[in-house]
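Asks: below: sequence and its predicted model.
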Amino acid sequence: MTGPRRDADDALRARLHEAAGAHEPDRARILARVERGMTAGGHVPGRPALPGRVRVAGAAAAVAGVLAVGGHAVTSAARDDASAQRSVATSPSSAPSPEDPTAGRPPASGAADGPLWSDGSVDPHSNDDWAQSNLTLRTRTPLTALTVELRVAQTGSVTSTGAWRSLPEDDFAFTVDERDGFLVYLWTLEPGRTVPAGEWVFAGQYNHERGGRDARGDRYAATATAASDRLSVLGDFAPRTDGS
């Protein structure tokens, strides 16, 4: 199609596209521009001219369609932006904080703490109805305070037959009793006494049911002070295989 009518249609479409691109279109202004464009296009020969009211109504309908499409696009874009913002705000971070001092650190074994080392074992001279549990402590510096606790699980007929330590007897207060299903041996260094650097043994002796005994439930713990440092160790009576 050529001629004045196509020129008028092209002009109308151009103006409609221009109106649709606006974020906040002015309905009255667009309607007036479209009406002016239709009037300027003139009457096409061989086709009756439409009354003014019909032209205005058609233009209004076209503008309403443009406004609806444009409004939907703007609303959709705003909704997408809001969704993106919510996703960013609620997305957790799985990377550990570089300031977190515990990230990636393995748990302590408990058998050593600074200059203090420990090991628990069942004495090889134990027999079918009697046993001795040995706690060995090794310290590289003198200790001004020391508490040693040895717990023997009550596996049946476990009763104390005595205790000893390789340090002077008068340097420690000693008790033994039963509580919470354990036979508990406790040594506490007397005030003003010192444990020299070296290797020392604390032993608890006991009878048990005949036929051997499982020591997997037995435990030990010790706390000490070296200079101004507070030290602590703990463990069980399983055999050690590291040669230390």
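Replies: That came through fine.
Asks: low-confidence regions, the chain specifically.
Replies: Low-confidence segments of the chain, defined by pLDDT under 70, are located at 1-9, 12, 14-109, 240-244.
Asks: care to break it down by domain?
Replies: Annotated domains of the chain cover 4-84, 112-236 [automatic domain parsing].
Asks: how about D10, secondary structure?
Replies: Put simply, D10 is helix when judged by DSSP: H, G, I helix; E, B strand; the rest coil.
Asks: just confirm L116 contacts A224, I think it does.
Replies: Yes. Using C-beta atoms under 8 Å, L116 is in contact with A224, at 5.8 Å. For the C-beta atoms, the positions are set from N, CA and C on the backbone; glycine is no exception.
Asks: need the overlap of contacts for these two.
Replies: Shared contacts of L116 and A224 (C-beta atoms under 8 Å, 6 or more residues apart in numbering): 139, 143, 231.
Asks: can I get those in a markdown table with neighbour count?
Replies: Putting these into a markdown table (neighbours: other C-beta atoms under 10 Å) gives the following:
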| residue | neighbour count |
| --- | --- |
| T139 | 21 |
| L143 | 23 |
| L231 | 19 |
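Asks: can you redo the residues you listed as a markdown table with distance to W164 and secondary structure?
Replies: Shown next, in a markdown table, are the shared contacts of L116 and A224 (distance: C-beta to C-beta, whole Å; DSSP: H, G, I helix; E, B strand; the rest coil):
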| residue | distance to W164 | secondary structure |
| --- | --- | --- |
| T139 | 19 | strand |
| L143 | 19 | strand |
| L231 | 23 | strand |
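Asks: L234 and F182, how far apart?
Replies: 14 Å (C-beta to C-beta, to the nearest Å).
Asks: what's the answer for T223, then?
Replies: Applying C-beta to C-beta, the value for T223 to F182 is 18 Å.
Asks: so what's T155 up against?
Replies: Neighbouring residues of T155 by C-beta under 8 Å, 6+ apart: 208-209, 213-214, 217.
Asks: for the protein, just list every one of the strands.
Replies: 112-113, 116-122, 130-139, 145-153, 159-165, 172-179, 182-189, 198-207, 219-226, 229-236 (DSSP state E).
Asks: need those strands in TSV with distance to D10, can you?
Replies: Below are the strands of the chain laid out as TSV (distance: least, C-beta to C-beta, whole Å):
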stretch	distance to D10
strand 112-113	89
strand 116-122	94
strand 130-139	99
strand 145-153	98
strand 159-165	108
strand 172-179	101
strand 182-189	99
strand 198-207	103
strand 219-226	94
strand 229-236	90
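Asks: who has more neighbours, L116 and A224?
Replies: Neighbours per residue (other C-beta atoms under 10 Å) separate L116 from A224, with A224 holding more: 25 against 22.
Asks: what's near enough to touch that one?
Replies: 116, 139, 143, 145-147, 195, 230-232.
Asks: S166: how many residues sit nearby?
Replies: When neighbours are counted by other C-beta under 10 Å, S166 registers 12.
Asks: what's near enough to touch it?
Replies: Counted by C-beta under 8 Å, 6+ apart, S166 has contacts 200-202.
Asks: what do you get for Y220?
Replies: Contacts of Y220 by C-beta under 8 Å, 6+ apart are 118, 120, 133, 135, 148-151, 234-237.
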